[in-house]
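Participant: requesting a structural model of the entry that follows:
(chains A, B, C and D)
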2 protein chains.
Amino acid sequence: MESVRTESPGLSIGQVAERTGLSVHALRFYEREGIIEQAVRRDGGGRRVYTEYDVAWLRVCIILRASGMPLPTIRRYTEMVRQGTGNETERLALMLEHRDRVNAQIAQLTQSLDLINHKVGVYEDILAANPADPSDSCVIPAG
Amino acid sequence: MESVRTESPGLSIGQVAERTGLSVHALRFYEREGIIEQAVRRDGGGRRVYTEYDVAWLRVCIILRASGMPLPTIRRYTEMVRQGTGNETERLALMLEHRDRVNAQIAQLTQSLDLINHKVGVYEDILAANPADPSDSCVIPAG
DNA sequence: GTACGACCTAGAGTCGACTCTAGGTCAAGC
DNA sequence: GCTTGACCTAGAGTCGACTCTAGGTCGTAC
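Facilitator: As a prediction, this is how the structure comes out:
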């Protein structure tokens, strides 16, 4: 059993998994991949001890991943932050590039929604008009 | 060399690849996966002959894929259409479910954009104020 | 003293969606 | 008659991002 406190004298990997929604496996994997900014400290028994800062950093990474940033890019970004100030131009470039990709994704999804809504409309019309209409004109997008 | 006509007496796999942007490999793969509505016809030599309808269907599938619909789901949908009319309720359900997921994706991406824009702002401010500012407050999302 | 649960490492396995390879057919051009 | 290019099949390989396994340590609870 773990004593769950609201202070932050160090968190176990299990506690971080709970707080972030990442699996314990994924947390170890991210560490191997260099995705954690500050090297994770260990206790006497070699177990990982995370800080609240680590959790905050992981939350950032989770959002970047959710928007499709690949792990190698997150690693590059992590390295830049680890290096400290002086490389803001590169960090900005990375973020701007990613923002473009996210905007492109949103545009693509929005366009896909048009097709989906069209199909939904076609099927709703068919179902409203007739439970077994013999003509199905749903296939050609323009139809 | 292929004679490229604007009529549609049948298209080779290469022509369909060109028209859809899918690779020749992917087209054969999709066929194996049951993603093409009408069984693709063959010429005397066993080569695939596609119709304009096939291309239109593939374009629909490409948009569904681009919005994250997994191939097994596209296959199910393809099978429903292949079965003919009478299953519009199921087709509608499939599309509504997918629409929900697409809307969720867009919401997630839009939320991610907030973080990205925040970071962009932070770095732009740093760069505007000072080319080598000693404090870097970019890491904590709320910071 | 032993069972339990949370943790450790190194490395193998999985999954989705392609992508590529090996080995072959076939028609047209030289 | 030989090369070229587009096509064929069956099946292996790749890639990203985990996920799981084997085999082991450690501290507390019974």
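
Participant: show the model's pLDDT score for A:Tyr53.
Facilitator: On the pLDDT scale, A:Tyr53 is placed at 94.

Participant: so the residue nearest the centre of chain A versus DNA strand C, what's the distance?
Facilitator: The C-alpha lying nearest the average C-alpha coordinate of chain A belongs to A:Ala66 (Cα atoms, centre = their mean; 2.0 Å). As defined by Cβ to the nearest atom of the strand, to the nearest Å, A:Ala66 lies at a distance of 17 Å from DNA strand C. (Each C-beta comes from the backbone N, C-alpha and C, glycine too.)

Participant: residues in contact with that residue?
Facilitator: Shown in contact with A:Ala66 (Cβ atoms under 8 Å, 6 or more residues apart in numbering or on different chains): B:Gln108, B:Leu109, B:Ser112.

Participant: roughly how far apart are A:Asp43 and B:Val24?
Facilitator: For A:Asp43, the distance to B:Val24 (Cβ to Cβ, to the nearest Å) stands at 56 Å.

Participant: do A:Glu37 as well
Facilitator: From A:Glu37 across to B:Val24, the span is 44 Å (Cβ to Cβ).

Participant: cool, A:Tyr30 as well?
Facilitator: A:Tyr30 sits 38 Å away from B:Val24, going by Cβ to Cβ.

Participant: try A:Ile63
Facilitator: Counting by Cβ to Cβ, the separation of A:Ile63 from B:Val24 is 38 Å.

Participant: A:Phe29 now?
Facilitator: Here A:Phe29 is placed at a distance of 36 Å from B:Val24 (Cβ to Cβ).

Participant: cool, and A:Ala107?
Facilitator: For A:Ala107, the distance to B:Val24 equals 28 Å [Cβ to Cβ].

Participant: the more surrounded of these two?
Facilitator: More neighbours surround B:Val24 than the other of A:Ala107 and B:Val24, with 14 against 10 (other Cβ atoms under 10 Å in any protein chain shown).

Participant: just give the closest residue to the more buried one, not the sequence neighbours.
Facilitator: Using Cβ to Cβ, 6 or more residues apart in numbering or on different chains and skipping residues adjacent in sequence, the residue nearest B:Val24 is B:Ala17, 4.9 Å away.

Participant: close to DNA strand D, is the worst-scoring helix or strand of chain A on mean pLDDT?
Facilitator: Lowest by mean pLDDT, DSSP states H and E among the helices and strands of chain A is strand A:41-42, with a mean of 90. No - Strand A:41-42 does not reach DNA strand D (Cβ under 7 Å from any atom of the strand); its nearest approach is 11.4 Å.

Participant: for whatever helix or strand comes next after that strand, give me every contacting residue.
Facilitator: The helix or strand immediately downstream of strand A:41-42 is strand A:48-49, counting by DSSP states H and E. Here strand A:48-49 makes contact (Cβ under 8 Å, 6+ apart) with A:Gly10, A:Leu11, A:Ser12, A:Ile13, A:Leu27, A:Glu31, A:Val40, A:Arg41, A:Arg42, A:Asp43.

Participant: which one's the longest helix in chain A?
Facilitator: Criterion DSSP state H: the longest helix present in chain A is helix A:88-129.

Participant: and that one with chain B, contact?
Facilitator: Yes - residues of helix A:88-129 contacting chain B under Cβ under 8 Å from any Cβ of the partner chain: A:88-89, A:91-92, A:95-96, A:98-99, A:102-103, A:105-106, A:108-113, A:115-117, A:119-120, A:123-124, A:126-127.

Participant: next, the angle from that helix to helix B:88-129.
Facilitator: Counting by axes from the mean of the first three to the mean of the last three Cα atoms, to 10 degrees, helix A:88-129 lies at 160 degrees to helix B:88-129.

Participant: helix A:88-129 packs against which elements?
Facilitator: When contacts are defined as 3 or more Cβ pairs under 8 Å, 6 or more residues apart in numbering or on different chains; DSSP states H and E, helix A:88-129 packs onto helix A:71-83, helix B:52-66, helix B:88-129.
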